[in-house]
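# Sequence and predicted structure below; questions after.
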Amino acid sequence: MNGSDVKLLRQALPYVRKFKDGVFVIKCGGEIARDPDVLDLLARDISLIAHMGVRIVLVHADELSVRLGHQPEKVAGRRVTDGPTLEVAKMVFSQINLDILAVLRRHGLRPVGLSGVDGGIVHAVKRPASRLHDPEIGGEREVDFGFVGDIVSVDVGLLRHLVSGGYMPVVSSLCSDDAGTILNINADTIAMSIAVHLQAHKLIMLTDAPGLMVSPPDRSSLISQVTVSRCEELIHSGAVKGGMVAKLEALIAAVRGGVPRVHILDGKNSDSLLMELFTQSGAGTMITANEEEAREASA
């Protein structure tokens, strides 16, 4: 161990004390879960965090097109889930869950695979058809989203029971309505809702981007700390585009819902998670309610 390592350990100690017995919700994108080497490194870091006394709930998304050559339909950036796509989703989520559980187990954790259906964690309703602007036709059209759901309520009783007992819930984004119909819900939205209802200390979204960039893909435009109001300005101005908009909206909703600090960072970078959580410089983007919260987080 050299002097730099000792300095980092000393820098990490206040954060370790602060987070002990706290709850982190970590959302892992499908692009991370499908790469065995990246998933193994992530599991190693999650294990280290868990052994520091942090209780973790992991939420993961699917990657249908990559795994089975099935390209999900999207209209104006919103996913459509028809019957065949839903069947593929159920199969893929089961496979991803097992892959994640196995690698977490290898790193000394006690993971439990769940979906939003289990224990009634997420109650949803089928999203109604609506008129949307479709860029492909240059106008509006009626869109039937199929088996896509919208969250009505969240019950985190089962998750609380598991984390208090030393288990790590691993939650996929399939849910159901009162009639038992399986519905597909955006994983960012589920992670946000779980974090709010668990009163989590942090919500962390792991993506294939380094964080929030003003001028993507220019990594020098990465914003390390930003407030909710500034995020909203970036969305309204059009500086943030594509899939990052939905992620940023979910993170904003988490802060508005009481999660003190939320993060977005590159899950494929083996050092990013620990650097973001346990050093002053960080590695991605941290979003807070206001500047005062940001200063407190950096103190």
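Yes, it's here.

# give me the low-pLDDT residue ranges for the chain?
Filtered on pLDDT under 70, the chain yields the residue ranges 1-9, 62-78, 132-139, 291-299.

# Show me the helices in it, by range?
For the chain, applying DSSP state H gives helices covering 3-19, 30-33, 36-51, 64-68, 83-106, 157-164, 187-197, 228-237, 243-256, 272-278, 291-298.

# hey, which of the ones you listed is tucked in deepest?
The highest mean neighbour count among those, using mean count of other CB atoms under 10 Å, belongs to helix 187-197: a mean of 25. C-beta coordinates here come from the backbone N, C-alpha and C atoms, glycine included.

# Specify the angle between it and helix 243-256 in degrees.
10 degrees (axes from the mean of the first three to the mean of the last three CA atoms, to 10 degrees).

# got the helices of the chain as JSON lines, with distance to residue 178 columns?
As requested, these are exported to JSON lines (distance: least, CB to CB, whole Å):
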{"stretch": "helix 3-19", "distance to residue 178": "37"}
{"stretch": "helix 30-33", "distance to residue 178": "28"}
{"stretch": "helix 36-51", "distance to residue 178": "34"}
{"stretch": "helix 64-68", "distance to residue 178": "26"}
{"stretch": "helix 83-106", "distance to residue 178": "18"}
{"stretch": "helix 157-164", "distance to residue 178": "18"}
{"stretch": "helix 187-197", "distance to residue 178": "18"}
{"stretch": "helix 228-237", "distance to residue 178": "34"}
{"stretch": "helix 243-256", "distance to residue 178": "24"}
{"stretch": "helix 272-278", "distance to residue 178": "38"}
{"stretch": "helix 291-298", "distance to residue 178": "38"}
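
# Tell me which of those sits nearest to residue 266.
Closest of these to residue 266 is helix 272-278, at 5.0 Å (criterion: CB to CB).

# Please give me every residue in contact with residue 264.
204, 205, 207, 209, 211, 212, 247, 248, 251, 284, 285, 287 (CB atoms under 8 Å, 6 or more residues apart in numbering).

# Tabulate the residues you listed (CSV), appending distance to residue 220.
Shown next, in CSV, are these (distance: CB to CB, whole Å):
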residue, distance to residue 220
204, 23
205, 21
207, 18
209, 14
211, 12
212, 13
247, 21
248, 20
251, 22
284, 14
285, 14
287, 20
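
# Those in strands, which ones?
The strands, defined by DSSP state E, take in 204, 205, 207, 285, 287 from these.

# Between which two of those residues is the distance greatest?
Based on CB to CB, the longest span within the ones in strands among the contacts of residue 264 runs between 207 and 287 and measures 13.8 Å.

# Those two - which one has more neighbours?
residue 287 (26 against 21; other CB atoms under 10 Å).

# and the more buried one, how far is that from residue 109?
Counting by CB to CB, to the nearest Å, the separation of residue 287 from residue 109 is 27 Å.

# again, but for residue 102
11 Å.

# same check, this time on residue 152
Using CB to CB, residue 152 is found at 31 Å from residue 109.

# next one: residue 254
As judged by CB to CB, residue 254 and residue 109 stand 24 Å apart.

# And residue 223, by the same measure?
In terms of CB to CB, residue 223 sits 32 Å off from residue 109.

# These two: which is more packed in?
Legend: neighbour count by other CB under 10 Å for residue 223 and residue 109, higher for residue 109 (20 against 16).

# and the gap between that one and residue 46?
For residue 109, the distance to residue 46 equals 7 Å [CB to CB].
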